[in-house]
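Visitor: whatever this is, show me its structure:
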Amino acid sequence: MTTIKKQLTFGVAVASFFVFNDCLIICPVYSESRYRTIQNISLEIYKKGKESMFFKILKKDLKRSKTMNIILFLFVILATVFVASGLNNLVSVVNGMNYFLDEACGDKNDDFLLIEGELNDESRNVLDKAKSVKSYDADLLYAYSDTVKNESGKKLDWQGAIMIGSPEKNYIKLYDKDNSVIEKVEKGHIYVSSKFFNRFDVEPGEKITLKLGNEDKTYVIDGGLKDAIFGADMAGVYRILMNDADAN
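Guide: Just a heads-up that it's a prediction; the model follows:
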């Protein structure tokens, strides 16, 4: 847009003209303020005309390429649905993990400390005197690093760590496939981490052999257990839950 202000004298009156959007506009004015008012009105007219022109171009484009615009519109809708679904799944997983930890560990799920050896009186004394520790509890687990054999006697090629414990000495709740807390395990029977089945191709009801106390002992798998602490595949830890007499 080019604006050129000129003033011409016609007798007593003064006429101002300016070039606006390649159009010559001539108007009689009697003061500078009136000239500014006319120029502002012209700018408003130009803006409205520009907006109207934009919508006209858009309307013509929509009419010209109906198929492409419909495809683009559907693509935007699908993309929006996928993004919303992904965010919904993420929120559900995060909330589900927090709920699982709260149910399994109660109000003691802030920090977990793995101590090699027994939690003796000296260690408990340190925890009791620590101002930052409001409460604590302990699970007694045995780290297993020997061979595991399936029912046919084949050694299972496992990696990571196997933790053996009993319901009587666990404060963290472990759940079976029906989401019931495992409170007791029969002697000679065990529960294993649910990921154990996919990793080693075994089924509930089958037997596995562990070497405990320099002696091979065979246990019947009652089922899988759901573990809020070591249950994730990335943890690299398998948990075996057995009768307290078998664990000792």
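
Visitor: tell me the domain ranges of this structure?
Guide: With domains defined by automatic domain parsing, the chain comprises 6-60, 140-247.

Visitor: can you flag the weakest of the ones you listed by average pLDDT?
Guide: Sorting the domains of the chain by mean pLDDT places domain 6-60 lowest, at a mean of 54.

Visitor: list the buried ones in the strand or helix carrying residue 90?
Guide: Using DSSP states H and E, residue 90 falls within helix 66-105. By 16 or more other Cβ atoms under 10 Å, the buried positions in helix 66-105 come out as 100-101, 104-105. Quick note: C-beta positions are derived from backbone N, CA and C, even for glycine.

Visitor: and if you look at stretch 133-151?
Guide: 138-141, 144, 148-149.

Visitor: first to last residue in that stretch, what's the distance?
Guide: End-to-end span of stretch 133-151 (Cα to Cα, to the nearest Å): 46 Å.

Visitor: now do that stretch: everything it contacts.
Guide: For stretch 133-151, the external contacting residues (Cβ atoms under 8 Å, 6 or more residues apart in numbering) are 107-108, 118-119, 127, 155-156, 158, 161-166, 169-172, 200, 202, 206-212, 216, 239-240, 247.

Visitor: and that stretch, how far out from the chain's middle?
Guide: In terms of Cα atoms, centre = their mean, to the nearest Å, the centre of stretch 133-151 is set 29 Å apart from its chain centre.

Visitor: quick one: contacts for residue 236?
Guide: By Cβ under 8 Å, 6+ apart, the residues touching residue 236 are 159-161.

Visitor: let's see it at 6 Å
Guide: Going by Cβ atoms under 6 Å, 6 or more residues apart in numbering, residue 236 touches residue 160.

Visitor: any idea how far it lies from residue 129?
Guide: As judged by Cβ to Cβ, to the nearest Å, residue 236 and residue 129 stand 34 Å apart.

Visitor: ok, residue 60 next?
Guide: 80 Å.

Visitor: do the same with residue 162
Guide: From residue 162 to residue 129 the distance is 34 Å (Cβ to Cβ).

Visitor: more neighbours: which of the two?
Guide: The neighbour comparison of residue 162 against residue 129 (other Cβ atoms under 10 Å) goes to residue 162, with 21 against 8.

Visitor: who does that one bridge with?
Guide: When bridges are assigned using DSSP bridges, the partners listed for residue 162 are residue 144, residue 238.

Visitor: list the helices and strands the lengthiest strand in the chain packs on?
Guide: Longest strand in the chain by number of residues (criterion: DSSP state E): strand 215-225. With contacts taken as 3 or more Cβ pairs under 6 Å, 6 or more residues apart in numbering; DSSP states H and E, strand 215-225 sits against strand 189-193, strand 207-212.

Visitor: tell me which of those strands lies nearest to residue 82.
Guide: Within those, the stretch nearest residue 82 is strand 189-193; the backing value is 32.8 Å (Cβ to Cβ).

Visitor: mind listing what that closest one pairs with, with the direction of each?
Guide: According to DSSP bridges, strand 189-193 forms sheet pairs with strand 215-225 (parallel), strand 237-242 (antiparallel).
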